[in-house]
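Engineer: Generate a structure from the sequence data that follows.
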Amino acid sequence: MDNELEVFQSPNDHKKKIIISVISVVVVVLLALAVALLLKTYVISTIPVGGNSMLPTLEGGDYVTDGQGNVVETIKKGDTLVLNKTAKIKKGDVIVFDVTWQSDPIVKRVIAVAGDHVVINNDGNVYVNDLPLTEDYIQGKTYSFDGVTTLDMIVPEGHVFCLGDNREHSHDSRYSDIGAVSLDMVRGKCILVVDKDGKLRTI
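Structural biologist: Numbering: from 1, shown residues only. Presented below is the predicted three-dimensional model:
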């Protein structure tokens with residue numbers, strides 16, 4: 001008879017392996033949930049677009065909210081933004097920010113950042129640092145809030161100047177109740193758009 005030893009697996013050993021496998025799966029699932037929760041809390045969030053101020057870039061829906069900006073009823077579905085809460089904000093970014101006079105956040109595009117000189121007069125253009133902006137994403141002409149007064153601003157430190165893409169139908173930094181937007185009020189920068197049919201796209 002050969003000197004080879006046959007290894008027999010006792011029922012207890014088999015049970016231990018099953019328990020270890022189950023524990024491993026549970027740990028992996030819990031870690032995945034923890035990572036997802038951390039991302040949702042500190043890095044990634046979503047927000048539905050309401051109204052038409054960002055046409056033609058974004059299609060807004062019509063929603064009933066709970067007074068805290070959370071949707072409780074959808075009347076007409078629009079685009080939903082996926083936000084990066086920690087991304088650095090730069091010109092051209094679409095951002096979501098809060099204002100003090102309403103619970104729902106606002107979606108606009110960053111046109112200028114701290115230190116930039118912004119001028120909007122009655123010729124329908126936007127000038128940043130004395131140069132007219134070339135904006136192929138907008139709808140309509142850009143005028144000051146009343147179409148007569150010239151807006152002339154140096155964007156303060158820690159702020160950005162924002163406009164809606166639908167320029168003739170947007171309440172934005174041209175108006176004194178918004179003005180230059182403090183970065184402390186920014187919820188995040190749009191990194192993806194989910195349209196009303198569930199398709200993903202970038203801006």
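Engineer: Next, the buried residues of stretch 97-116.
Structural biologist: Buried residues in stretch 97-116, counting neighbours by 16 or more other C-beta atoms under 10 Å, are found at 97-98, 104-113, 116. (Each C-beta comes from the backbone N, C-alpha and C, glycine too.)
Engineer: Strands of this structure, residue ranges please.
Structural biologist: Using DSSP state E, the strands assigned to the chain run over residues 44-48, 62-65, 71-76, 80-84, 94-97, 106-113, 117-120, 126-128, 131-132, 151-154, 159-163, 181-182, 186-194, 200-201.
Engineer: in this protein, which helix or strand is least confident?
Structural biologist: helix 11-38 (a mean of 71; mean pLDDT, DSSP states H and E).
Engineer: Please save the CA atoms from stretch 48-61 in CSV.
Structural biologist: Backbone C-alpha positions of stretch 48-61 (Å, rounded to 0.1, in the frame of the first residue of the first chain) are rendered in CSV as follows:
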residue,chain,number,x,y,z
PRO,A,48,-34.2,67.1,-11.2
VAL,A,49,-34.2,70.1,-13.5
GLY,A,50,-37.3,72.3,-13.2
GLY,A,51,-38.4,75.1,-15.5
ASN,A,52,-37.1,76.2,-18.9
SER,A,53,-34.2,78.5,-18.0
MET,A,54,-31.6,76.0,-19.2
LEU,A,55,-33.1,75.3,-22.6
PRO,A,56,-31.9,74.1,-25.1
THR,A,57,-29.2,72.3,-23.0
LEU,A,58,-31.5,70.9,-20.4
GLU,A,59,-35.2,70.1,-20.4
GLY,A,60,-36.9,71.0,-17.2
GLY,A,61,-39.8,69.2,-15.6
